[in-house]
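# My questions are about this predicted structure, shown below with the sequence.
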2 protein chains.
Amino acid sequence: MTMTEIKIELTTNKKDKPDINNLGFGRFFTDHMFVVDYTEGKGWHEPRIIPYQPISLDPASKVFHYAQTVFEGLKAYLTVDNKVLLFRPESNFKRLNASNERLCIPVIDEELALEALKQLVEVDREWIPNAPGTSLYIRPFIIATEPCLGVASSQNFQFIIILSPVGSYYKEGIKPVKILVEQQYVRAVAGGTGEAKTGGNYASSLKGQELANKDGYSQTLWLDGREKQYIEEVGSMNIFFKINGTVVTPALNGSILHGITRDSMIQLLKAKNIPVEERQISIHDITEAYHNGTLEEAFGTGTAAVISPIGELKWLDERIIINNGEIGEVTQMLYDTLTGIQNGSIPDQFNWTIKL
Amino acid sequence: MTMTEIKIELTTNKKDKPDINNLGFGRFFTDHMFVVDYTEGKGWHEPRIIPYQPISLDPASKVFHYAQTVFEGLKAYLTVDNKVLLFRPESNFKRLNASNERLCIPVIDEELALEALKQLVEVDREWIPNAPGTSLYIRPFIIATEPCLGVASSQNFQFIIILSPVGSYYKEGIKPVKILVEQQYVRAVAGGTGEAKTGGNYASSLKGQELANKDGYSQTLWLDGREKQYIEEVGSMNIFFKINGTVVTPALNGSILHGITRDSMIQLLKAKNIPVEERQISIHDITEAYHNGTLEEAFGTGTAAVISPIGELKWLDERIIINNGEIGEVTQMLYDTLTGIQNGSIPDQFNWTIKL
């Protein structure tokens, strides 16, 4: 399957563009989508860009019942000189295939996927918003479509890419968030699917998030499923702490997502000669650092927000206030540097961006 | 919302019935389906029976990305005198609401659901197969349909019921299966979604099952996610052992499905004065019982197979052969009794069946 085989059917009925000041996240979608089908014995076939349209599936399709699905998230940015930059898309398709392996979904051709993505973004280029902090969010996903209720891997799949213009996460400047350390619910456990980007992890997280929101906290900090003491992720982001001058983040242990923003932050810190460690971190390490005055900064990282500074952690009855509830210096530097690379205003020494 | 509000639109184009000798499981579906919509602020509305048809959803619908979905499984049986029996349907809708609670899905009206189910089965009554061991499998499920990529509970859902005529699980008599005790992968963990009937649990289980199949084993025996030593489920069934005259099954600990067949077996055993215990069971308890000669029987229970006797367990390098690989006396008695009650050939002293 080569790039020349991607058929393109353009829409004859373009949608109105949404108000750039009210984009929000993942609420509006562009005029086109990419689709390729998988059939057992035939492989992936018929890659095509078509008008954005509903998916029509038999009610018995496995995705509805057994959640055999994986996804990715990345962004395209418009530079000041009107060029389009993609941020580390090869990493996303590589991770998608790692998720596929865990979920018994046939691997995709990463080169074809990247080519399809480039062509799709080109076709819908006019949808990329140009206001500060805005971008085009890209959502590749795969769903199991075989209409059969036996619990076994599907014989058919669809790999789809949709595009959504998204607003700035921080319209009024970056504001640190309050996080609740979850004690009852668990997002993932070693041996489960925590490392894969698959729907079940997110479904599992909704309840904790709902309860945190009710208590006035914006996200949940997830502890490990075995001992409920080791820090894993925050909401749907990876997490970092700065303790006594060293930035630490949980090591990839099998139940933590291999965040691409996480990896970028680690590389940035190394390039800036700021000590950074990937290691097991318990919630007790954090309370101890708080009590002895060495807990300096904390932040989540992910594609949607890039960085989300943490101003408060609630653990049992204790409120852990970090950096007086304000964004820390290293957090701000990382945010400025990474978003600068992403939107082309800072030179990309890492070769992370791909120009369309 | 009352039963009188269920609108019925009959198909004008009935499908051909499948060959009763080649039904398999969940491959053929009847002429109609039940659908009811949920909209935030409006609640569940427009319950309707309509011709079986594809579901058309926006590609951004949350079910495709975040697996916010729950389901149930139960059966309708045709008696020898041509009556239709449903087996414990209220228990299924009660459990569906327990799953809804965990997955942040609005609860359904259990009475309406039961009425809808009865009317749907009545409409497609001619699809209930009448050969020995066959039945009409009923699949209620709920999917999140809001087209938005934010990780939060959906504002819209569909609750759907589909029906599938299914063949006998044991066309050539009950044959004990070989089971691999899984050491690497985990199905669920306390605090996760293991107790709920939600897609993510099944997606998570596919890999272990695939590897077991490759090794010549038909299913995986799942150990707990924390210590990987306590027995939880087998494939997608609950599990029982008979040890030294007592039937034991893992206690409901938060990560084990509250099986309705499991509960029925426990009640049947009590009624027959056979000792039965729900308790924590480690894999070491089983190997010990095997070595001292007290491991007498083992079987899985679930709606699809009712009972699946286990003839062999593989744990590390040891092959644990149970009852010489043959079905045990108690297993056979439970199978005969429960299927007898289900198909109306044995009086139902428990009031489990509902006649249409």
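Received it, and whenever you're ready, just let me know what you need.
# which of the residues in the helix or strand A:Q119 falls within are buried?
Taking DSSP states H and E as the definition, one finds A:Q119 inside helix A:110-123. Residues of helix A:110-123 classed as buried: A:112-121, A:123 (neighbour count, 16 or more other C-beta atoms under 10 Å in any protein chain shown). All C-beta atoms are positioned from the backbone trio N, CA, C, and that covers glycine.
# try stretch A:307-325
Neighbour counts over stretch A:307-325 (16+ other C-beta under 10 Å) mark A:307-315, A:320, A:322-323 as buried.
# mind saving the C-alpha coords of that stretch as CSV?
C-alpha atoms of stretch A:307-325 as CSV (Å, rounded to 0.1, in the frame of the first residue of the first chain):
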residue,chain,number,x,y,z
ILE,A,307,1.7,21.7,30.6
SER,A,308,-0.8,22.1,33.4
PRO,A,309,0.8,23.5,36.5
ILE,A,310,-0.4,22.0,39.8
GLY,A,311,-1.0,24.5,42.6
GLU,A,312,-2.5,22.1,45.2
LEU,A,313,-2.7,18.4,45.9
LYS,A,314,-5.2,17.0,48.3
TRP,A,315,-4.1,13.7,50.0
LEU,A,316,-6.3,12.3,52.7
ASP,A,317,-7.0,15.3,55.0
GLU,A,318,-3.9,17.2,53.9
ARG,A,319,-3.8,20.1,51.5
ILE,A,320,-0.3,20.3,49.9
ILE,A,321,0.2,23.8,48.5
ILE,A,322,2.9,24.0,45.8
ASN,A,323,4.8,27.2,45.1
ASN,A,324,2.1,29.3,46.8
GLY,A,325,-0.3,28.0,44.2
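# Any part of it near chain B?
No - Stretch A:307-325 stays clear of chain B (C-beta under 8 Å from any C-beta of the partner chain), getting no nearer than 13.0 Å.
# what does that stretch contact?
A:169, A:174-181, A:183, A:215, A:217, A:219, A:221, A:234-235, A:237, A:239, A:261, A:265, A:283, A:286-287, A:290, A:295-302, A:326-328, A:331, A:334-335, A:338 (C-beta atoms under 8 Å, 6 or more residues apart in numbering or on different chains).
# Sitting in strands, which of those residues do you find?
If you go by DSSP state E, the contacts of stretch A:307-325 have A:177-181, A:219, A:221, A:234, A:239, A:295-302 in strands.
# Contacts for the helix holding A:Q119, please.
Residues contacting helix A:110-123 (C-beta under 8 Å, 6+ apart): A:1-3, A:6, A:8, A:10, A:31-34, A:36, A:44, A:47, A:49, A:76, A:84, A:86, A:89-90, A:93-94, A:96-97, A:128, A:136, A:138, A:140, A:159, A:161, A:163, A:354, A:356.
# before we move on, back to that, which members of the contacts of stretch A:307-325 are classed as buried?
Buried among the contacts of stretch A:307-325 by 16+ other C-beta under 10 Å: A:169, A:174, A:176-181, A:217, A:219, A:221, A:234-235, A:237, A:239, A:261, A:265, A:283, A:286-287, A:290, A:295-302, A:327-328, A:331, A:334-335, A:338.
# just these that are near chain B?
Okay, of the buried ones among the contacts of stretch A:307-325 touching chain B (C-beta under 8 Å from any C-beta), that's A:G235.
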